[in-house]
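Q: pasting the structure only:
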């Protein structure tokens, strides 16, 4: 009994508020759907984390899977799914429960998809690690033609070996459409959907750009796209990230983002 | 000379092997489920990989056991191929040693190492068990030592880590339990079976660091200053039997631990409020059951109060993963298809429940049963969010009669009334309380000693969820080997949806054959099954809709 009760006198882990530093940018991919009653909690947490880490976190909300299927859930007027989202939900494994997200494409406890209560700790554990690659985005957008040109520039800060892939996503925020929200007791007609994946300028699982990179080595990749007429350019973001693919390991090395318009 | 020595040695060896063979006992079992998926767009949602491309899935558990000279060895090989057990919308493929153990009894001392299934008392503070349909297998991987300190008194200790599929959780569990038996009074008419258990859990540094990473982002309103590495759970229990009465009581307490309260209001840095956060709290369970049996009359009453008693091997896992404890369910375990459709999952955070069960045997051919259960969340108002109105979450009144003509027929029937908080139990936003009335009849007729026919008719009347159902079953049995079954579950009166439309009236038929030979059983069934919730012991799992063929082989050898 005494041995067990020594827990009363144990040293406990003191919690200090975490303040990020450095230029590591973490990618958060949230899987959601308009028919997913718990997913708005995930969206709230995503906004919460973006406020906490404004310079160290980029977010994408992928409408994919069962709860995003308009055949299953006749919710609102828009189908927010994309072909790339359907590929990625299989590529990153199906969520077991919702809300669910993938942080930097790095498993936590063996699970790639993690629940909401694990997002913050997964992010804070990565933020302090300096990036192996630094990225920047140059873009030009022609309002008349709606053509967007994106150039992603990178420089190696460490030597890396493997399938180095570049992914470029386009997201849109401020989309007003319906959503089933558990905390609101059901259907919310005018719900604001943010960071919604609209398209990708690269293949869904990334474009292989290098098989290795050394410290100081640079690369530059340019892509163009014409924005869909229904998208609001002022609400759109470019999210670019580099991942290192070695078999089943696909961690994101560094991410960055930029607005489509100034 | 050398030749003679060799012959003597050979004879001695043969004698030893012969003796060993007489003492060696080998046994085993096989449990296999194989699924052949046939897509039906009316009941199966798109995007399920088993239907889209995999077509066949299976789960298999093959156990072997050897006992020799007081040693007990066992090994089990588990196979999951395209299985839907882990994730209803995805497939899980893995295989390997699911269990092994080695044990020996040395007089009063028993030693067991490997994957251990055991519990303390009713399991409130510790229960390591498996429930395959729910993919629960939380064996303790480590060591168990038990010692008979006196006749009818045993003390045991355990130490190890909990199994997580084919790996282990990082936390370390150690514990001890002592229980015994006392006979008091004349001829031992009054007996006591007291016990005490204690369980110590230590989180790993990595688990605590992960918790710290999450908690470090909490706003001042929700901030937790420190996280304990250790948690201690204790329980004291006793069964008192006196004549026709039996009274079981157990009280359990858990020291402060950071647990996830998915009903608590959290304050975000954005200024918004959300639901669900980690909290630092202790917890307790009080459970008692009193029963009486005699004169053809049986009665039992149960009461349970649970407060913040989440006990898991990892603070981040949810659902059926990482369970260390087992909280007794407080509703009747129903077995018919429609009466078991809405089963309440045990609430770990806040639950108060009673259950009453009355049975009366009018004569040897007629018996009656009435069962009532009532489950609430007493502290719901403290949630201050959508869950504050979810206080009364389950009520059930179940009645049954059993009438038989010996060796000819048996009729079982009755009616069930249910009130089920589907929004709370299944997380479906905005859905109303399910109110269902389900009459049922089960009739077994024996043509002769070998042939019999069993039929069931059930009707669930409700305006919520899917609406009303009717279920019919016919089972024709030719003893001892064959059983043929045919059933249909029909959505006879679909509920009106939010958009004013009605669901489609769908049939969910099943046809199958079962062959039994000795301790081996084969079953082959064509199944269409509506989605639902499967519960066992108060622990539930979402069961997805199924369309296809199920093959099951179970054997003991």
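A: Yep, that arrived. What you see is a predicted model; the values in this text were computed from it and never measured.

Q: can you pull the buried residues of stretch B:176-187?
A: Buried residues in stretch B:176-187, defined by neighbour count with 16 or more other C-beta atoms under 10 Å in any protein chain shown: B:176-181. (Glycine included, C-beta is placed from N, CA and C.)

Q: all helices of chain B, in order?
A: Assigned by DSSP state H, chain B shows helices spanning B:2-23, B:49, B:205-215, B:422-426.

Q: among the buried residues of stretch B:176-187, which are in strands?
A: Of the buried residues of stretch B:176-187, the ones assigned to strands by DSSP state E are B:176-180.

Q: ok, residue A:105 touching residue A:112?
A: Yes: taking C-beta atoms under 8 Å as the definition, residue A:105 is a contact partner of residue A:112 at 7.2 Å.

Q: what do the two both touch?
A: residue A:92 (C-beta atoms under 8 Å, 6 or more residues apart in numbering or on different chains).

Q: rewinding a little: could I get the ones in strands among the buried residues of stretch B:176-187 as JSON lines with pLDDT and distance to chain A?
A: Formatted as JSON lines, these follow (pLDDT from 0 to 100; distance: C-beta to the nearest C-beta, whole Å):
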{"residue": "B:176", "pLDDT": "97", "distance to chain A": "8"}
{"residue": "B:177", "pLDDT": "97", "distance to chain A": "12"}
{"residue": "B:178", "pLDDT": "97", "distance to chain A": "11"}
{"residue": "B:179", "pLDDT": "95", "distance to chain A": "16"}
{"residue": "B:180", "pLDDT": "96", "distance to chain A": "18"}
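
Q: so residue A:245, which of the three states?
A: For residue A:245, the assignment made with DSSP: H, G, I helix; E, B strand; the rest coil gives strand.

Q: pLDDT weak spots in the stretch 251-400 of chain B?
A: Scanning the stretch 251-400 of chain B for pLDDT under 70 picks out no residues.

Q: residues near the residue in it that chain A sits nearest to, how many?
A: Across the stretch 251-400 of chain B, the shortest distance to chain A (C-beta to the nearest C-beta) belongs to residue B:268, at 4.2 Å. Residue B:268 has 21 neighbours, counted by other C-beta atoms under 10 Å in any protein chain shown.

Q: please name the nearest non-neighbouring residue to it.
A: Leaving aside its sequence neighbours, residue B:268 sits nearest to residue A:48 (C-beta to C-beta, 6 or more residues apart in numbering or on different chains; 4.2 Å).

Q: so that neighbour, which state does it fall into?
A: With three-state DSSP as the basis, residue A:48 sits in helix.

Q: could I get the full set of strands for the stretch 451-557 of chain B?
A: Per DSSP state E, counting those that start in this stretch, the stretch 451-557 of chain B carries strands over the ranges B:451-460, B:467-478, B:482-494, B:507-517, B:520-529, B:532-536, B:539-543, B:546-556.

Q: can you list contacts of the fifth one?
A: Right, strand B:520-529. Contacts of strand B:520-529 (C-beta under 8 Å, 6+ apart): B:40, B:43, B:485, B:507-516, B:543, B:545-556.

Q: and for the second one?
A: By C-beta under 8 Å, 6+ apart, the list of residues contacting strand B:467-478 from outside reads B:336-338, B:341, B:450-462, B:483-495, B:502-503.

Q: about what we covered before: which one among the buried residues of stretch B:176-187 gets closest to residue B:437?
A: Proximity of these to residue B:437 (C-beta to C-beta) peaks at residue B:179, which lies at 43.2 Å.

Q: grab the nearest non-local neighbour of the closest one.
A: Residue B:179's closest residue in space is residue B:195 (C-beta to C-beta, 6+ apart), at 3.1 Å.

Q: ok, residue B:393 - how many residues close by?
A: Neighbour count for residue B:393, taken as other C-beta under 10 Å: 22.

Q: so it makes contact with residue B:378?
A: No: in this structure, residue B:393 is not within contact of residue B:378 by C-beta under 8 Å, at 10.9 Å.

Q: Throw the strands of the stretch 451-557 of chain B into CSV and include mean neighbour count and distance to residue B:402, thanks.
A: As requested, the strands of the stretch 451-557 of chain B are exported to CSV (neighbours: other C-beta atoms under 10 Å in any protein chain shown; distance: least, C-beta to C-beta, whole Å):
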stretch, mean neighbour count, distance to residue B:402
strand B:451-460, 18, 14
strand B:467-478, 18, 18
strand B:482-494, 17, 22
strand B:507-517, 15, 24
strand B:520-529, 16, 26
strand B:532-536, 18, 24
strand B:539-543, 18, 28
strand B:546-556, 17, 28
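
Q: fine by me, thanks again.
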